[in-house]
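Q: model the structure of this input:
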Amino acid sequence: MIKCHLSTLMGMHKMKIIDVARETGLHRNTVTALYDERAIRIDLNAIDKLCELFNCEVGEIFEYIPNSKVEPEELV
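A: Numbers count the residues shown, from 1 in each chain. As a prediction, the model looks like this:
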C-alpha cells in the first residue's frame, strides 16, 4: 500500500487544497484525491511540482507500507 502524506505536509505549511492547486498548477481534483488518499495514479510531473512546493523528497510525500503489515480494511 502507498500512503500519501500530503495532508500532513499541507497542515505543517498551513495550506488549503486551493492553495496547493494554485501554487503548483495542478487541478484541484488531483490535489483533493491525494489529500483524501483516494488517488489511483499520479503523474510524475505532479510529484515533481509537490516536491518543489514543499521543498521535500518524494519519500516525504509517499510511503510504501507492505500489504502484510496493513489491516485488511485499509486495503479496500
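Q: now do the helices in this protein.
A: 6-12, 17-24, 28-35, 44-54, 58-61 (DSSP state H).
Q: including mean neighbour count, mean pLDDT and distance to residue 67, could these go into TSV?
A: For every residue, glycine as well, the C-beta is placed using N, CA and C. Shown next, in TSV, are the helices of the chain (neighbours: other Cβ atoms under 10 Å; pLDDT from 0 to 100; distance: least, Cβ to Cβ, whole Å):
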stretch	mean neighbour count	mean pLDDT	distance to residue 67
helix 6-12	15	98	21
helix 17-24	16	98	29
helix 28-35	18	98	20
helix 44-54	15	98	22
helix 58-61	14	98	19
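Q: CSV please, covering these and showing distance to residue 69.
A: CSV is the format used below for these (distance: least, Cβ to Cβ, whole Å):
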stretch, distance to residue 69
helix 6-12, 19
helix 17-24, 29
helix 28-35, 22
helix 44-54, 24
helix 58-61, 17
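Q: skipping adjacent residues, who's closest to residue 28 in space?
A: Nearest-residue entry for residue 28: residue 21, 4.5 Å, with adjacent residues in sequence omitted and distances by Cβ to Cβ, 6 or more residues apart in numbering.
Q: before we move on, what about residue 64?
A: residue 2 (6.0 Å).
Q: still on that earlier bit, figure out which of the helices of the chain is closest to residue 68.
A: Of all the helices of the chain, it is helix 58-61 that lies closest to residue 68, at 20.2 Å by Cβ to Cβ.
Q: which strands or helices does that closest one pack on?
A: Secondary-structure packing of helix 58-61 (3 or more Cβ pairs under 8 Å, 6 or more residues apart in numbering; DSSP states H and E): helix 6-12, helix 44-54.
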